[in-house]
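> have a look; sequence and predicted model below, questions after that.
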4 protein chains.
Amino acid sequence: MSEKSRPLRTDARRNCERVLAAAEAVLARDGTTASMRAVAEAAGVGLGTIYRHFPTREALFEGIMAARMFQLTDSSSELAEAADAGEAFFRFFTAVVDNAGRMRALAEALADAGVDVKAGTAEAAAALRTALETLQERAQRRGDLRPDLRLPETLALLAAMCLAAEHRRWEPAARDRTLAVLFDGFRPR
Amino acid sequence: MSEKSRPLRTDARRNCERVLAAAEAVLARDGTTASMRAVAEAAGVGLGTIYRHFPTREALFEGIMAARMFQLTDSSSELAEAADAGEAFFRFFTAVVDNAGRMRALAEALADAGVDVKAGTAEAAAALRTALETLQERAQRRGDLRPDLRLPETLALLAAMCLAAEHRRWEPAARDRTLAVLFDGFRPR
Amino acid sequence: MSEKSRPLRTDARRNCERVLAAAEAVLARDGTTASMRAVAEAAGVGLGTIYRHFPTREALFEGIMAARMFQLTDSSSELAEAADAGEAFFRFFTAVVDNAGRMRALAEALADAGVDVKAGTAEAAAALRTALETLQERAQRRGDLRPDLRLPETLALLAAMCLAAEHRRWEPAARDRTLAVLFDGFRPR
Amino acid sequence: MSEKSRPLRTDARRNCERVLAAAEAVLARDGTTASMRAVAEAAGVGLGTIYRHFPTREALFEGIMAARMFQLTDSSSELAEAADAGEAFFRFFTAVVDNAGRMRALAEALADAGVDVKAGTAEAAAALRTALETLQERAQRRGDLRPDLRLPETLALLAAMCLAAEHRRWEPAARDRTLAVLFDGFRPR
DNA sequence: TATGAATGAGACTTCATTCAT
DNA sequence: GATGAATGAAGTCTCATTCAT
C-alpha cells in the first residue's frame, strides 16, 4: 500500500490522535467532570469529530485510560529484568501511583484495574495486572517481599494509593514518605 | 417574641429526620452526584422541604458527613482507654474505613479530614483528626506503633483506604486482609 | 383566664397593624419584589397571620398603597384653603412625588391613580385624583396655572415623576431642580 | 448546486435573528420579567439555542436594549443639523420616549441612561446621553431652550417620561399633549 | 468527513400559597 | 387565631448528544 492510497485515513488518524492528546490534557486538568466541549476546544476540532472516533464520552475517556495503562505496562518490561527485584516492584508501584496523581481521572481507572469493570479498559487493566503480578512474584521468589502477600491485597492497596494521590495532589516527598510506610508492610519481617 | 432555639415541631423534626435518612441512603447509593430531587423522592417530601432544613445542597450533604464524622469521633472515646493501645488504634482506623465503604460520598469527606477543605465539615474533621492523633500517640508511647510514624502519613494512608473502600465496596474479609498488610507497616520492626 | 371580653379581636387588630407597618417598611426597602416571608419576619408574625388578614400578596400590597394614598389625600385638605393656590398645588404635587420616592413600590400605584387599574386601590386613587383636581382648578381660577392645562396631562406628568423618583432615589435638591423645570411648564406664559 | 460559501453560518444567523426578534417581542409584551422559555417558544427554538448566542439572560436583554439605544443615537445625527435646533431637540426627546413606550423593559434602560448602572448598556447609554447633550446645547445656543437648563434635569425628566410611557402605553395624541406641557418648561420665558 | 448549531432533560434554587399543629 | 412547615411550579443555566450543512 502506498502512502497516497488512503489520505482520508491519515487525516482521520491525525485527528484521532489530536483528540486523544487533548483529552488527556483536559482530563489531567479537570478530572472526570471534564466536558466534551473542553476537549474539542483543546484539540482544535469540532465536537462531531470527537463523536466520529468515540461513540460516547465514556468511550473517549476509557480510551485515554487504556492508553495510559498500556504505557505503564510497557514500562514494566525493563523493570522485570532489573537486578533488585524488590526495588523494581516498588518502583513500578510508585510509577503507577505517580501517574494517577499526575492525571486526575486516571486514578479511578487504575483503581478499577483490579476488577475490570469497564469494557473499554478491561484489556489494558488485565495487562497491567499481569505486569504487577510478574514483578511481585519475582520479588517474592528473591525474598524481597513477604511470601504471604497475595495479588488481591496488592491491587487493593495500589488502588487506594492511586485514589489518594489523585484526590489531593501528593508532593513527591510526601508521596515517598507515605509509600515508605506502606512498603514496610510489604517486606518480610 | 421568639424564644431562642425553640424546639422543632414534631412534624418538622420527623420530616427533617426523613430527609436526613433519605439523603444518607441516596448518598450511599449515588455518591456526591446525587440530585436533590432524588433525595426528595426518597424521603417522600417536596423539594422545598429539603431547602427549609438545609439552605443548599452542600449544606445538606456536608451536614450528613459532619454527623457521621462526629459519630466516629465519639466512638474513639472508649477506645482511648482500651488496654491494648495498638489494637485500639487499628480498630479505630478500621472503623473509619468501614464507614467510608458503607457510604459513597463519605469517603471524600473523610479523605479531606486531613486538610479541612470544606467549611461545613472542618470542625468535625478536626475532631476526627484529633481523635486519631490521640490514639496514635498513645499507641506509640506503649510501643505498639513505630515511633517514627507521623500524623500526615497516617492521615494520607487513612484517606487512601477510605477512598478505596468507597470506590469498590470491600468485603469485610478482604478489607481485613488488605488493612493487615498496611498495619504491618505501622508496627515497630 | 379571667377577662375574656374580646382578647382575640384586640390581638387580631394589633397583628393586622403590625403587618401593615412591617409591609410598608419592607416595600419601601425592597420594592415590589419583596417577599411575603420578608414581611412576616419584619412584622414578627407568622406567614399564616398575614394571609388571615390579606388573602393574597397583592391584596396586602394594594392595602398598603391605598392607605398611603388616603394619607396623601387627607394632607390636601388644608392645602385646599392655603392662600397661595398655585403654591398649594405645587406643594401637593411635590408631596406625592416625594412619597413615591421614599417608598419603592408606591410609585406604580400612584402612577396608576390616573386610571384605576387595580381593584384594591381604585377608591383611594379616585380620592387622590379628586384632590389633585380640586387644587388644580382652584389654582387655575386664581391664575396661578395655565388655563389650558387639563387633568389627564397633569396626571400623566405626576405619574412620570413618581416613577422616576422611585426608579432612582432623587435627592431633595435634585428633585426640586427637576420639578422646577416641569412646574414652569405649568405656569401661564 | 455549487454556491456553498457559508453552509453553517446561514442557519446560525437566522436563528440568532429569530431569537433577537422574539426576545424583542416578548420584552415588549412582558417586560423585564420575561422568561427565557417564553423567548425560546416565541422564537421556535430550544432553550439551549438562546444560550448559545447569549451567555446569560442579562446579556440577551441588555443586548437588545443597547441595540435600540444605538438606533436612537443614530437617529440624532441628522437632527443635529436640522434648521430648527429647538424642534430637533424636542423631536429627539419625543423619539426616545416613543421607543420606551413601544417596548416594555426598554424604559428602564433608557431611564438608566443618565447613570450607566448596567455594564451591558453603559456604552450605548453614554452615546445616547452625548447625543442628547449635543442637541440640547445647540438649541440653547440658538436661544430655543432656556439657558439655565442643565443636562441632569433633562435626563431626569427624560427618564420620567420614558418610565411613564412604558407604564401605561401612551396614545400618540396623549403623549404629545403631555410632552407639550413639559416642553413649555424647557423654553425661555 | 468535519463541523458546531441545536436540542432538551435535568441540575439547583426561590417563593406564593396551603394547611396541619 | 396564630404559626411556620410543606408544597411544587417556575426560574436560570449546563451539557451530552444528534444532525443539518
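Now that the structure is in, tell me what you want to look at. Numbers count the residues shown, from 1 in each chain, chains lettered A, B, ... in the order given.
> alpha carbons only for contacts and neighbour counts from here, please
Noted.
> can I get the CA coordinates of the helix or strand where residue A:160 lies in PDB?
Per DSSP states H and E: residue A:160 is located in helix A:151-167. The C-alpha coordinates for helix A:151-167 follow below in PDB (Å, rounded to 0.1, in the frame of the first residue of the first chain):
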ATOM      1  CA  LEU A 151      -2.200 -10.100  44.500                       C
ATOM      2  CA  PRO A 152      -5.700  -9.000  45.600                       C
ATOM      3  CA  GLU A 153      -4.300  -7.200  48.500                       C
ATOM      4  CA  THR A 154      -1.600  -5.600  46.500                       C
ATOM      5  CA  LEU A 155      -4.100  -4.400  43.900                       C
ATOM      6  CA  ALA A 156      -6.400  -3.100  46.600                       C
ATOM      7  CA  LEU A 157      -3.600  -1.100  48.200                       C
ATOM      8  CA  LEU A 158      -2.400   0.100  44.800                       C
ATOM      9  CA  ALA A 159      -6.000   1.300  44.000                       C
ATOM     10  CA  ALA A 160      -6.100   3.100  47.400                       C
ATOM     11  CA  MET A 161      -2.900   4.900  46.800                       C
ATOM     12  CA  CYS A 162      -3.900   5.900  43.300                       C
ATOM     13  CA  LEU A 163      -7.200   7.300  44.500                       C
ATOM     14  CA  ALA A 164      -5.500   9.200  47.300                       C
ATOM     15  CA  ALA A 165      -2.800  10.600  45.000                       C
ATOM     16  CA  GLU A 166      -5.400  11.900  42.700                       C
ATOM     17  CA  HIS A 167      -7.700  13.200  45.400                       C
END
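> beyond that helix, next helix or strand please.
By DSSP H and E, the next helix or strand past helix A:151-167 is helix A:172-186.
> what's the burial count for the residue in chain A that DNA strand E sits nearest to?
DNA strand E sits closest to residue A:48 of chain A, with a gap of 2.9 Å, by Cα to the nearest atom of the strand. Residue A:48 has 10 neighbours, counted by other Cα atoms under 10 Å in any protein chain shown.
> wait, what's in contact with it?
Applying Cα atoms under 8 Å, 6 or more residues apart in numbering or on different chains to residue A:48 gives no contacts.
> secondary structure element holding the residue minimising distance to the centre of chain A?
The residue lying closest to the centre of chain A (Cα atoms, centre = their mean) is residue A:69, at 3.6 Å. Here residue A:69 sits within helix A:57-79, counting by DSSP H and E.
> give me the residues contacting the following helix or strand past that helix.
Remark: after helix A:57-79, the chain's next helix or strand is helix A:85-102, criterion DSSP H and E. Residues outside helix A:85-102 that contact it (Cα under 8 Å, 6+ apart): A:28, A:72, A:76, A:79-80, A:82, A:106-107, A:110, A:132, A:135-136, A:138-140, A:142, A:144-145, A:158, A:161-170, A:179, A:183.
> again, only using 7 Å
A:28, A:72, A:76, A:79-80, A:82, A:106-107, A:135-136, A:138-139, A:142, A:144-145, A:161-162, A:165-166, A:169-170 (Cα atoms under 7 Å, 6 or more residues apart in numbering or on different chains).
> what's the helix holding residue A:160 in contact with?
With Cα under 7 Å, 6+ apart as the criterion, helix A:151-167 contacts A:97, A:100-101, A:104, A:107-108, A:110-111, A:114, A:133, B:159-161, B:163-164, B:177-178.
> pLDDT score for the residue of chain A closest to DNA strand E?
pLDDT for residue A:48: 94.
> again with residue A:1
For residue A:1, the predicted pLDDT is 39.
> close to chain B: what parts of chain A are there?
Within chain A, the residues that sit near chain B (Cα under 7 Å from any Cα of the partner chain) are A:153, A:156-157, A:159-161, A:163-164, A:177-178, A:181-186.
> from those residues, which is closest to chain D?
residue A:163 (35.6 Å; Cα to the nearest Cα).
> okay, the closest one: pLDDT?
93.
> same deal with residue A:132?
So residue A:132 comes in at 97 (pLDDT).
> quick one: buried residues of the helix or strand containing it?
Assessed by DSSP H and E, residue A:132 sits inside helix A:122-141. By neighbour count on 16 or more other Cα atoms under 10 Å in any protein chain shown, the buried set for helix A:122-141 is A:122-129, A:131-140.
> so that helix versus helix A:172-186, what angle?
With axes from the mean of the first three to the mean of the last three Cα atoms, to 10 degrees as the basis, helix A:122-141 and helix A:172-186 are set at 60 degrees to each other.
> pull the distance from helix A:122-141 to the chain's centre.
13 Å (Cα atoms, centre = their mean, to the nearest Å).
> rewinding a little: tell me the buried residues in the helix holding residue A:69?
A:59-70, A:72-73, A:76, A:79.
> which residues touch the spatially closest residue to residue A:63 that is not a sequence neighbour?
With sequence-adjacent residues excluded and distances taken as Cα to Cα, 6 or more residues apart in numbering or on different chains, residue A:63 is closest to residue A:120, at 6.5 Å. By Cα under 7 Å, 6+ apart, residue A:120 lies in contact with A:59, A:62-63.
> kindly provide the distance from residue A:120 to chain C.
53 Å (Cα to the nearest Cα, to the nearest Å).
> does that residue count as helix, strand or coil?
helix (DSSP: H, G, I helix; E, B strand; the rest coil).
> per-residue pLDDT, it?
At residue A:120, pLDDT is 83.
> repeat for residue A:107
At residue A:107, pLDDT is 89.
> count of neighbours near the closest residue to it other than its chain neighbours?
Leaving aside its sequence neighbours, residue A:107 sits nearest to residue A:100 (Cα to Cα, 6+ apart; 4.5 Å). A count of neighbours around residue A:100, defined by other Cα under 10 Å, yields 28.
> for residue A:100, give its distance to residue B:166.
According to Cα to Cα, to the nearest Å, residue A:100 stands 17 Å off from residue B:166.
> same question for residue A:12.
40 Å.
> next: residue A:69.
For residue A:69, the distance to residue B:166 - Cα to Cα - is 22 Å.
> and for residue A:110?
15 Å.
> repeat that for residue A:20.
29 Å.
> more neighbours: which of the two?
The neighbour count for residue A:20 versus residue B:166, taken as other Cα under 10 Å, is higher for residue B:166 (24 against 21).
> which residue, other than its chain neighbours, is closest to the more buried one?
residue B:101 (4.2 Å).
> neighbours around the one you found, how many?
Counted with other Cα under 10 Å, residue B:101 comes out at 26.
> how is chain A divided into domains?
A:1-54, A:57-186 (automatic domain parsing).
> can you flag the weakest of those by average pLDDT?
domain A:1-54 (a mean of 82).
> hmm, residue A:129 and the residue nearest to the centre of chain A touching each other?
No - counting by Cα atoms under 7 Å, residue A:69 does not reach residue A:129; the two are 9.8 Å apart.
> find the closest residue to chain B in chain A.
For chain A, Cα to the nearest Cα, closest residue to chain B: residue A:185, 3.6 Å.
> not counting residues beside it along the chain, what's closest to that residue?
Residue A:185 sits nearest to residue B:185 (Cα to Cα, 6+ apart), 3.6 Å away.
> could I get the contacting residues of the one you found?
A:181-185.
> check residue A:59 too.
Counted by Cα under 7 Å, 6+ apart, residue A:59 has contacts residue A:120.
> distance-wise, check it relative to residue B:114.
Relative to residue B:114, and taking Cα to Cα, residue A:59 is found at 34 Å.
> also residue A:168?
Taking Cα to Cα, one finds residue A:168 at 10 Å from residue B:114.
> who's more crowded, these two?
residue B:114 (21 against 15).
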